[in-house]
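Trainee: Need a 3D model of the sequence below.
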Amino acid sequence: MKYAQLPIPAGWKLFFQEVYRRIHRQFTSPWTKLVVLCCLCLLLTRKEFSFSLTINPAGFLQINEHTVFQDLDDSSGALTAGAVAADGSQALLAAYEAPKREWTERQLKQLAYVEQYREVALEEMEKHGIPASITLAQGLLESGTGRSSLARKNNNHFGIKCFSKKCHKGHCSNHSDDHHKDFFRIFGTPEESYRAHSNVLMKDRYRKLFDLPITDYQSWARGLSKAGYATDPRYAGKLIAMIKDLELHRYDALFTQHHPTHDYLPAK
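Mentor: Got it, this is the predicted structure:
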């Protein structure tokens, strides 16, 4: 049994022929070929980006960006010191157990400051071997728990001065409470002043401190005072008392527990 083939209406036949003709003409056009070639070149040369979403222990959403070239570097273990230190400090804080005791209102304010900057203090301990307890105690003492005018206006938590005669605008400022020739550094963030504090302690003036055990905060405090970090004759005693009072030495102990063979030498 044969089925009869129904004829296609002439109008539809002409329509499909015209559509085919236009598509064929478009794809065979030199301009179309040029656009396709450009797209292929772009795909071959551009950097491919991938984004991964992670949630850190503090609960903040972070976006990490990597290029294909960075992925190759990462696979060979080429990580920056800052990234390694940041990951290490977060891991340490995840394992940290805060002391359980009753605190005064003043201590609670100080502990709030410590909680805000303990991560960067541990990062600096990882990179330079400066006890986190010393860094945090100095930050507390020098900045008045972050409330001094120098800390609020300049983000300078360590009273770091500027001795340059050719610094650019916004690099430092005169402080009204000090001599008119005393200029203090201006930082974009408090964390920048923490890193600058480490750079200060890496100078030859404080080199002998790095011969001390990293957990001996009392000797570090006395060494800082002896080297002339501050003019206050009671400076070392104040640091030691603050570390004991807030149990800041627990951060040093936590670090050495996870880095038992870590060795440090100040930069030459």
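Trainee: Rounded mean pLDDT for stretch 116-134, please.
Mentor: Across stretch 116-134, the average pLDDT comes to 96.
Trainee: Please enumerate the helices of the stretch 151-268 of the chain.
Mentor: Under the criterion DSSP state H, counting those that start in this stretch, the stretch 151-268 of the chain contains helices at 190-201, 217-226, 235-246, 249-258.
Trainee: how about the ones you listed in TSV, adding mean pLDDT, mean neighbour count and distance to His128?
Mentor: From N, CA and C alone the C-beta is placed, and that goes for glycine too. Shown next, in TSV, are those (pLDDT from 0 to 100; neighbours: other C-beta atoms under 10 Å; distance: least, C-beta to C-beta, whole Å):
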stretch	mean pLDDT	mean neighbour count	distance to His128
helix 190-201	97	19	5
helix 217-226	98	20	13
helix 235-246	98	18	18
helix 249-258	91	17	12
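Trainee: Now tabulate these in a markdown table and tack on distance to Thr145.
Mentor: Shown next, in a markdown table, are the helices of the stretch 151-268 of the chain (distance: least, C-beta to C-beta, whole Å):
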| stretch | distance to Thr145 |
| --- | --- |
| helix 190-201 | 12 |
| helix 217-226 | 18 |
| helix 235-246 | 10 |
| helix 249-258 | 17 |
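Trainee: Looking at the ones you listed, spot the one closest to Val19.
Mentor: Across those, Val19 has its closest neighbour in helix 190-201 (63.7 Å, C-beta to C-beta).
Trainee: other SSEs contacting that closest one?
Mentor: Other elements packing on helix 190-201 under the criterion 3 or more C-beta pairs under 8 Å, 6 or more residues apart in numbering; DSSP states H and E are helix 105-128, helix 132-143.
Trainee: now that helix against helix 105-128, angle please.
Mentor: Orientation of helix 190-201 against helix 105-128 (axes from the mean of the first three to the mean of the last three C-alpha atoms, to 10 degrees) gives an angle of 60 degrees.
Trainee: now helix 190-201 and helix 217-226, what's the angle there?
Mentor: Going by the same axes, to 10 degrees, helix 190-201 makes 80 degrees with helix 217-226.
Trainee: related to what we said a few turns ago, closest to Val35 out of the helices of the stretch 151-268 of the chain?
Mentor: helix 190-201 (47.7 Å).
Trainee: got a list of contacts for that closest one?
Mentor: With contact meaning C-beta atoms under 8 Å, 6 or more residues apart in numbering, helix 190-201 is reached by 117, 120-121, 124, 127-128, 130, 135, 138-139, 146, 151, 155-158, 160, 185, 187, 206, 209, 266.
Trainee: For Cys41, see how far away the closest residue to Gly144 other than its chain neighbours is.
Mentor: Once flanking residues are discounted, Gly144 sits nearest to Ala151: 6.9 Å by C-beta to C-beta, 6 or more residues apart in numbering. Look at Ala151 and Cys41: by C-beta to C-beta, to the nearest Å, they are 53 Å apart.
Trainee: what stretches of the stretch 51-200 of the chain score poorly on pLDDT?
Mentor: Across the stretch 51-200 of the chain, the ranges flagged by pLDDT under 70 are 51-89, 91-98, 163-181.
Trainee: one step back: please report the number of neighbouring residues for the residue nearest to Gly144.
Mentor: Neighbour count for Ala151, taken as other C-beta atoms under 10 Å: 22.
Trainee: Could you do the one 4 residues further on as well?
Mentor: Residue neighbour count, defined by other C-beta under 10 Å, stands at 19 for Asn155.
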